[in-house]
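S.K.: Just need the structure, nothing else, for what follows:
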Amino acid sequence: MPLYMTQFAYTAEAWTTLAKNPQDRTEAVSGLAKKMGGRLVSLHYCFGEYDGVLVTEVPDDVSATALAIAAVTGGHVRATRTTRLMTAAEAMEAMRKAGGAGYQGPKK
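M.R.: Numbering: from 1, shown residues only. Down below sits the predicted model:
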């Protein structure tokens, strides 16, 4: 199954709630991933534009999109960005395929 990295940002209200009542969201996110036919690989919090990152393994792009949509419907997530992750072997396959394409850029 493919891996997906989803970056997320909480709303100010969510941070207020979490500051007053700290909660480990791992179990809730894991349950959501299972409902999409996959699993939560890891959940991390971070600095910067996004508040956290989760890596999930789900069957396909539709499932990954559904997971992101379901996560924001609760109203505590203000933004997400999901990226399909490729293994080194998948990237190598893409490189080989691109190398054999024979595409030529614009001529000068």
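
S.K.: What segments of the chain are helices?
M.R.: Secondary structure of the chain (DSSP state H): helices at 12-20, 26-35, 61-72, 88-99.

S.K.: Those helices into CSV, with extra columns for mean neighbour count?
M.R.: In short, each C-beta sits where N, CA and C put it, glycine included. Putting the helices of the chain into CSV (neighbours: other C-beta atoms under 10 Å) gives the following:
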stretch, mean neighbour count
helix 12-20, 11
helix 26-35, 15
helix 61-72, 16
helix 88-99, 10
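
S.K.: These into a markdown table, with extra columns for mean pLDDT?
M.R.: Below are the helices of the chain laid out as a markdown table (pLDDT from 0 to 100):
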| stretch | mean pLDDT |
| --- | --- |
| helix 12-20 | 96 |
| helix 26-35 | 96 |
| helix 61-72 | 94 |
| helix 88-99 | 94 |
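
S.K.: Looking at these, spot the one closest to Thr82.
M.R.: Proximity to Thr82 (C-beta to C-beta) singles out helix 61-72 among the helices of the chain, at 5.4 Å.

S.K.: Contacts for that closest one, please.
M.R.: Residues outside helix 61-72 that contact it (C-beta atoms under 8 Å, 6 or more residues apart in numbering): 2, 4, 6, 8, 29, 32-33, 35-38, 56, 58, 77-78, 80, 82, 84.

S.K.: can we see that at 10 Å?
M.R.: 1-6, 8, 11, 25, 28-29, 32-33, 35-38, 40, 54, 56-58, 60, 77-84 (C-beta atoms under 10 Å, 6 or more residues apart in numbering).
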